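Trainee: build me a structure from this.
(chains A, B, C and D)
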There are 2 protein chains.
Amino acid sequence: MRVTAEAKESTRRKILDAAQDLFRTTGFEATTTRDIAKAAGIATGTLFNYFPTKEAIVTTLVVDSHARPLRRLANEQHESLEEALFAHAAAGMRLLKPYRKYLTPVLDTAMSPLVEAQRDDLGQSLRTDHLERVVELTRQHELDAALTPVALQVYWTLYLGVLSFWTNDKSPKQEDTLALLDQSLAMFVSWLRGGEEKSN
Amino acid sequence: MRVTAEAKESTRRKILDAAQDLFRTTGFEATTTRDIAKAAGIATGTLFNYFPTKEAIVTTLVVDSHARPLRRLANEQHESLEEALFAHAAAGMRLLKPYRKYLTPVLDTAMSPLVEAQRDDLGQSLRTDHLERVVELTRQHELDAALTPVALQVYWTLYLGVLSFWTNDKSPKQEDTLALLDQSLAMFVSWLRGGEEKSN
DNA sequence: CCTATTATGTGAGCACGCTCACAATGCAGC
DNA sequence: GCTGCATTGTGAGCGTGCTCACATAATAGG
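Mentor: Just a heads-up that it's a prediction; the model follows:
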């Protein structure tokens, strides 16, 4: 069961490579599953032996890009929580950058604000990993008491809003997106501080 | 050209009624355009003479529900801006309530956070009308200086996040959604206040 | 080695949203 | 009324994403 396993992995890679290539050049929606199969040199049926849906392919591409978890810059101390969260979000977006143009299907499903909406648990890790780090950073700034489930829900909504905006950002270096991110996080953090004061 | 016009309007209504009925009982995705056509007593081709896409049908249902603009409670004065915005959003959701279960396609397209993503201008009014009232209320509380385009973008993101959550809210009376709305607006308004202070 | 069993590949075919060439219908000008 | 034009209705058919009954290939047991 070694030849088989290798062949299987090779087929999987061929699909992902072909898909990535086509998505980049032709776009997600304009690319047909038949196109991907042909480019990978397999039958359409085979493609669906490896991925349950077309979306699962693009989601896998995105998730795989997060496999090597950005070394967390050791513990590069950021002055403020804003700065730390900004750096964190920006790092996530750096990983997502190659997929920016066809991120929409991933946002709609795998990263949906609704936990219950997760069709598969493929994208689950994107959300939980990101949020875990948010919790960690918040704790470092001793504001974690304010991080209720609702607060996390609000954070994720804001982050998705930023990503969604980013998808179509026409400004030269997407600086509009960074501005939106900055404002969103400033609002979020100052809200956390407010909640904390009350509870003290 | 009277008989014709009447007939046309009648067909349009038959489609909308049939669609609303089927969406409610069967759900948006499980309902086929062929089903709608059959229920309306027309051919599938005819259906697409009236609505360009299946989504346009559900969007039309939602937009039509906003046709009779909620009388604005005269000018029922709310103590705080939070309360006013909460009442405004809650009023919007009261209108949307019949469509809660199949609101997702509308959120994804017509109400998308990306203005550029609007395929047609059908849902445009949903966004602009809602935001106009937000501007108006904010002005009444003399905080409109802080209402930058970015701030409006943030507001709309938060509102969509609440609606998206609402879509799947399993809590008995959707009180979780109201809590989320409350928190989101509190955060937003206190952020506006902060921005205002600086600019004064 | 040969056979039985399991894993993988295949493409015709399904149901869907939507289109288009054409048929039926309604109405104006005579 | 009849004819000609415009408007509305029709359903076979297209291209999707995806499925399934089956073919093929690879491994394990003897």
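
Trainee: from here on, contacts and neighbour counts on C-alpha atoms
Mentor: Noted.

Trainee: and the helices in chain A, which stretches?
Mentor: Remark: helices assigned in chain A by DSSP state H are A:3-26, A:33-40, A:44-50, A:54-65, A:81-96, A:104-108, A:124-140, A:149-167, A:175-199.

Trainee: and those, which is most packed in?
Mentor: Across the helices of chain A, averaging neighbours per residue (mean count of other C-alpha atoms under 10 Å in any protein chain shown) puts helix A:149-167 on top, at a mean of 21.

Trainee: is that one positioned near chain B?
Mentor: Yes. Contact of helix A:149-167 with chain B (C-alpha under 8 Å from any C-alpha of the partner chain) involves A:150, A:154, A:157-158, A:161, A:164-165.

Trainee: what is the nearest of those residues to DNA strand D?
Mentor: The shortest gap between DNA strand D and any of the residues of helix A:149-167 next to chain B belongs to A:S164, at 21.6 Å (C-alpha to the nearest atom of the strand).

Trainee: could I get the helices of chain A as JSON lines with mean pLDDT and distance to B:H78?
Mentor: Below are these laid out as JSON lines (pLDDT from 0 to 100; distance: least, C-alpha to C-alpha, whole Å):
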{"stretch": "helix A:3-26", "mean pLDDT": "89", "distance to B:H78": "51"}
{"stretch": "helix A:33-40", "mean pLDDT": "98", "distance to B:H78": "55"}
{"stretch": "helix A:44-50", "mean pLDDT": "97", "distance to B:H78": "56"}
{"stretch": "helix A:54-65", "mean pLDDT": "96", "distance to B:H78": "46"}
{"stretch": "helix A:81-96", "mean pLDDT": "96", "distance to B:H78": "33"}
{"stretch": "helix A:104-108", "mean pLDDT": "93", "distance to B:H78": "36"}
{"stretch": "helix A:124-140", "mean pLDDT": "93", "distance to B:H78": "35"}
{"stretch": "helix A:149-167", "mean pLDDT": "96", "distance to B:H78": "25"}
{"stretch": "helix A:175-199", "mean pLDDT": "88", "distance to B:H78": "22"}
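
Trainee: including distance to B:L137, could the residues of helix A:149-167 next to chain B go into CSV?
Mentor: Formatted as CSV, the residues of helix A:149-167 next to chain B follow (distance: C-alpha to C-alpha, whole Å):
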residue, distance to B:L137
A:V150, 26
A:V154, 23
A:T157, 24
A:L158, 23
A:G161, 24
A:S164, 27
A:F165, 26
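
Trainee: can I get the helices of chain A in a markdown table with distance to DNA strand C?
Mentor: Shown next, in a markdown table, are the helices of chain A (distance: least, C-alpha to the nearest atom of the strand, whole Å):
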| stretch | distance to DNA strand C |
| --- | --- |
| helix A:3-26 | 5 |
| helix A:33-40 | 8 |
| helix A:44-50 | 3 |
| helix A:54-65 | 14 |
| helix A:81-96 | 29 |
| helix A:104-108 | 16 |
| helix A:124-140 | 25 |
| helix A:149-167 | 22 |
| helix A:175-199 | 30 |
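
Trainee: looking at those, which is closest to B:T11?
Mentor: Smallest distance to B:T11 across those (C-alpha to C-alpha): 33.7 Å, for helix A:104-108.
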